[in-house]
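Visitor: Just need the structure, nothing else, for what follows:
(2 chains)
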Amino acid sequence: MRCKKMVDVGRRQFLRGGAVAAAGAAVSTIAPAPAKAGPANAQLDYPSNKLANLSDLAVNEPMDIEYPDADSPGILLKLGEAVEGGAGPDNDIVAYSVLCPHKGWYLTYNGEDRSLNCPGHYSRFDAEAGGQQIWGHATQNLPQFTLRVDDNGDIYAEGCSDLIFGRPSNVI
Amino acid sequence: MAYKRQIDRLPIPPSDAKVQNVTCHYCIVGCGYKAYTWPRNKQGTATDNAFGIDLSEQQPADGKWIAPSMYNVVRQDGQDVHLAVVPDEECVVNSGLASIRGARMAENRPSRVTGTQQQRLSDPLVWRNGVWQPSTWNDALDLVARVTAKVVNDYGEDELVVSMFDHGGSAGGYENTWGTGKLYFESMKVKNCRIHNRPAYNSEVHSSRDMGVGELNYSYSDYEVTDTIFMIGANSLETQTNLFLNHMVPGLRNGARFIMVDPRRTVTVHAAEEVAGKDNVLHLAIKPGTDMALFNALLTHIVDNGWTDNEFIAASTFQDGEAVAEGSSQPAGLGSLDYALQTCRTSIEEAAEICGVDGADIVKAAEWIAKPHDDGARRKCVTAYEKGIIWGNDNYRTIGSLVNISLATGNIGREGGGCCRLGGHQEGYYRPGDAHVGRPAEYVDQFLIKGGGKVYHIWACDHYKTTLNASQFKRVLKKRSDMVKDAMDAAAGGTREELVDAIVAAVNAGGIFVVDVDIIHSQVGRNAHVILPACESNEMNLTSMNGERRMRLSERYMDPFGNSKPDCLIAANMAQHMERVLRDMGNETYADQFKGYDWETEEDAFMDGYNAGNPEVTYERLRAMGNNGVQEPVVGFEDGKLVGVPRLYADGKFDRHGREDKKALFCAAQWRGYAAAGKAREAENHDFFINNVRANIFWQNQFLDQDSDFIQDRFPYPFIEMNGEDMAELDISAGDLIEITNENGATQGMAYPTDTAKRGHVAMVFGSPAGSQGNVVNPGVSELILPEYKLTFGNIRKLADAPPQARAVSFKSKEYKA
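Guide: Numbering: from 1, shown residues only, chains lettered A, B, ... in the order given. Next up is the predicted model:
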């Protein structure tokens, strides 16, 4: 750890907040090699986890979530303005992993310019532009969770755009 | 919306994966990585893998992780294999950190399986029947040799013009600089040659060397134990990323202060403030090109306050007035401190006026650099500079005036000190002597523009994207090379002899025959007649040294793409063809000069060159030294290890100038405003200072990045950082395409609103394929033919509303916000 204090800030922010993630049935893709080749799906099966209800969200107040499992922190965010890839009736709800895809430090959310920032090495990601890295060291944009909103306004995460830091498979 | 990779799992390297040493082949820092390769039909498991860790668990911050960009499928010994290139925690350079450049080494490999970097050249191309036709090495090299031999034999070697890299990493390194150097400086004595990034064959730091001070004299660890980091014209968080993060940041955490001299506020300044606190960071945002006046005032203030290291000055510097007089190839006199001060003496008030900064801040900088601690202990200061002054106003005197400060304060050769350039590529220079080139060296771009030269060999340079005065250079080279293309087209169907005769007739009529050796079909390559495919580091074994002279062997883990070859072997093959053709022509003596290239591998080239001068150093020994390598010069081999030197001049003897007395010299740096031709007038007549800047996301002129969706998605056009009020006045919005114009030409880019940009200053990223800044850089150079890319002025107008790709990108501040 290069800066424990800053990490703790990020960690506290992650732990404090109203995560309502259901524990998804994590599907292991890694099993002892069978003697006989068995069928394996070509694509990961992601859990469908309820994150929140529309009524839980206020504009620009991120909610801490965990997806696809409890070890993968993220945020759920209502931007108040439609964005490409935004979910919900206003097309303005997004969710991202908050583990920096550079070295896995906890990102903190800056509500002023709606960016996610890494205290370790100063990388920044734009919550309004699909998690695009504004500036930084990561070699991918922020993993964005695929959202579905049902008729009751319940918001589910059901997939992820990029590999989450610190794992060889998003579902482990 | 941002580019999504849609990759959510990767193969796991098995425990028996092959592991090899890799030094990142991009920037000078040379971070250590490990390359894991394993057969296509094998994989590790969560608990049994090459990393020896449980991958079914979420890894913590700084934990081991293969990002998708670190993975590919490549060819190794003729087989498709998995490849992962992962940062090495054991390497003292980067301690496991990866930059946005190095972490993409794997995906920047050519792969016919995953489709990456299909722009790479696989076979020689010969201009034939109106297009470039793929061909064989023998066919292509025969044509190159016949035309080149005919010209040098009949008209002399001055008619052969050469552009060649002088760096390490990438496709440079000791092997390849030797191969090309032996061909052009030993078999021939080519005088009309230039280096990849400047229009002549010369040093970028003549004055430091003339003063006795080699420009890479410290160890990166010096940043961790110093009192002050004094950085000038550099942006290390972006351009030497892990030097900043892994060595400067620990130094700042240990209490060092940070001084930055740069007209622009960069992310480096901001990050230093985050780490050290604003009170410990001083940004001197001087007027462009006024660095020398600032340095002279700092020196004057330090001397007048008695903060000099008198013991060091007495023991290690020249004492008797003038040692070297100013002259035609000597842009400033050199001598003792007293001698130099007669010229350099500048008051705080004068400097404040010239530089446009507060005099109190100059005093503060002098105190941070040199004022002894309260207990009387001397202050340690690392001085680090790069392109801001190397490619800025009055190169020789400006760098000399900076080295003066380090010498006067005894900050060279000591722990926590150093006066170094930060560098671009790694170094890796080993060539026969270049004294025949002369000083000042020929201004090769102008030589070509004026119609000089009949044959032009280009090695891994794309001047269309990177040279100065590029608009004119492109126009003229295209015109001259088209004359040869037309002649070749007209000779279609004839014999080889008829083709060579047609080419020679065309070059005698003002045309030029262009041979381009590169890894891709570059912009300048469009005007070539023969294109020869080279390979890169890790497609061959390659040795280089980093910015603290740390030499490593970066191992070959994959095959060269298609039929491409290491540059050193291309040079050797070219020499062999030259020998054959010259013998056929009956010039046996000349042919004999091209003997001695019977190399089968790059290691043979290394042994012929570097090893001959440094017999202790072999591939086997370097391989054993791993990613920590050895810091040059290598002084021995003990207990199975190469022995190096952590920093130069620890004995207080300075020898880079070759003086017998080994005394360092001070530089009589007389401020004279904008020194190069046309700069002062250009500044007066235009509205904007056009800063020429780098960004961490791009490597050099984007030769690989131009084929990366992740990179091009972020900046589809070169960014031009611009103050919001300036944009409003010109009716420019974020992402709009704008044009920069002046008397030299025009270029284009994408407006990037930047709240920290000064009014009247813009910062354009250099070397972009979608907008060459060199188009608007005037041809003015220093006495020793150093270009001044950094000192450019122009006007700006809107070309078009933001294109769709530009509308999709983020225009938020690049500065970290907690």
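Visitor: now the helix or strand hosting B:N692: mean pLDDT?
Guide: If you go by DSSP states H and E, B:N692 is part of strand B:688-693. For strand B:688-693, mean pLDDT rounds to 97.
Visitor: just stretch B:497-509 next, same as before
Guide: 98.
Visitor: what's the burial count for B:D501?
Guide: Using other CB atoms under 10 Å in any protein chain shown, B:D501 has 15 neighbouring residues. C-beta: built from backbone N, CA, C; applies to glycine.
Visitor: Quick check: which element contains it?
Guide: Using DSSP H and E, B:D501 falls in helix B:496-508.
Visitor: Output that helix as PDB, nothing but the C-alphas.
Guide: Written as PDB, here are the backbone C-alpha positions of helix B:496-508 (Å, rounded to 0.1, in the frame of the first residue of the first chain):
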ATOM      1  CA  ARG B 496      16.900  -4.900 -63.700                       C
ATOM      2  CA  GLU B 497      19.700  -3.000 -65.400                       C
ATOM      3  CA  GLU B 498      17.200  -0.900 -67.300                       C
ATOM      4  CA  LEU B 499      15.300  -0.200 -64.100                       C
ATOM      5  CA  VAL B 500      18.400   0.900 -62.300                       C
ATOM      6  CA  ASP B 501      19.400   3.100 -65.200                       C
ATOM      7  CA  ALA B 502      15.900   4.700 -65.200                       C
ATOM      8  CA  ILE B 503      16.100   5.400 -61.500                       C
ATOM      9  CA  VAL B 504      19.600   6.800 -61.700                       C
ATOM     10  CA  ALA B 505      18.500   9.100 -64.600                       C
ATOM     11  CA  ALA B 506      15.600  10.300 -62.500                       C
ATOM     12  CA  VAL B 507      17.700  11.100 -59.400                       C
ATOM     13  CA  ASN B 508      20.200  12.900 -61.700                       C
END
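Visitor: and after it, which helix or strand comes next?
Guide: Next element after helix B:496-508 (DSSP H and E): strand B:513-518.
Visitor: Report the strands that pair with that next one, each with its relative direction.
Guide: strand B:455-459 (parallel), strand B:530-533 (parallel) (DSSP bridges).
Visitor: chain center to that strand, what's the gap?
Guide: 21 Å (CA atoms, centre = their mean, to the nearest Å).
Visitor: One more: stretch B:332-350?
Guide: With CA atoms, centre = their mean, you get 31 Å for stretch B:332-350.
Visitor: same check, this time on stretch A:96-104
Guide: 9 Å.
Visitor: Which secondary structure elements does the biggest helix by length in chain B sit against?
Guide: Longest helix in chain B by number of residues (criterion: DSSP state H): helix B:470-490. Under the contact definition 3 or more CB pairs under 8 Å, 6 or more residues apart in numbering or on different chains; DSSP states H and E, helix B:470-490 sits against strand B:125-128, helix B:444-449, helix B:463-466, helix B:496-508, strand B:513-518, strand B:745-753.
Visitor: could you dump the ones you listed to CSV with distance to B:E739?
Guide: As requested, those are arranged in CSV below (distance: least, CB to CB, whole Å):
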stretch, distance to B:E739
strand B:125-128, 33
helix B:444-449, 23
helix B:463-466, 17
helix B:496-508, 35
strand B:513-518, 29
strand B:745-753, 5
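Visitor: Tell me which of these is the most buried.
Guide: A comparison of the helices and strands packed on helix B:470-490 by mean neighbour count, using mean count of other CB atoms under 10 Å in any protein chain shown, puts strand B:513-518 on top with a mean of 27.
Visitor: Kindly export that one (C-alpha atoms) in PDB.
Guide: Output of strand B:513-518 as PDB, limited to C-alpha atoms (Å, rounded to 0.1, in the frame of the first residue of the first chain):
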ATOM      1  CA  PHE B 513      15.300   7.100 -54.500                       C
ATOM      2  CA  VAL B 514      13.800   6.400 -51.100                       C
ATOM      3  CA  VAL B 515      14.300   3.200 -49.000                       C
ATOM      4  CA  ASP B 516      12.200   3.000 -45.900                       C
ATOM      5  CA  VAL B 517      13.000   0.400 -43.200                       C
ATOM      6  CA  ASP B 518      10.100   0.300 -40.600                       C
END
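Visitor: Next one: residue 98, what pLDDT does it get?
Guide: Answering for chain A, as no chain was given. 98.
Visitor: please go with chain B instead
Guide: 98.
Visitor: For the nearest residue to it once chain neighbours are set aside, give the beta-bridge partners.
Guide: Nearest non-adjacent residue to B:A98, counting by CB to CB, 6 or more residues apart in numbering or on different chains: B:P87, 4.1 Å away. Beta bridges link B:P87 to B:Y33, judged by DSSP bridges.
Visitor: my guess is B:P87 contacts B:C31, does it?
Guide: Yes: with contact defined as CB atoms under 8 Å, B:P87 reaches B:C31; the gap is 6.4 Å.
Visitor: Please enumerate the shared neighbours of those two.
Guide: B:94, B:97-98, B:102 (CB atoms under 8 Å, 6 or more residues apart in numbering or on different chains).
Visitor: domains of chain B?
Guide: Listed domain ranges for chain B are B:18-108, B:125-197+B:443-539+B:562-610, B:206-426, B:679-808 (source: the TED database).
Visitor: For A:I134, which of those domains is the nearest?
Guide: With CB to CB as the measure, domain B:679-808 is the member of the domains of chain B nearest A:I134 (8.7 Å).
Visitor: That closest one and chain A, are they touching?
Guide: Yes: if you take CB under 8 Å from any CB of the partner chain as the test, domain B:679-808 does meet chain A, through B:696, B:710, B:713-714, B:808.
Visitor: Give me every residue in the stretch 151-300 of chain B lying close to chain A.
Guide: So the stretch 151-300 of chain B meets chain A at B:237, B:241, B:245, B:249, B:267, B:270-271, B:274 (CB under 8 Å from any CB).
Visitor: with the residues you listed in mind, which one is nearest to B:F513?
Guide: Using CB to CB, these come closest to B:F513 at B:T241, 40.9 Å.
Visitor: residues touching the nearest residue to that closest one once chain neighbours are set aside, list them.
Guide: Nearest residue to B:T241, sequence neighbours excluded (CB to CB, 6+ apart): B:S99, at 4.1 Å. B:S99 makes contact with A:137, B:24, B:26-27, B:31, B:241-242, B:696, according to CB under 8 Å, 6+ apart.
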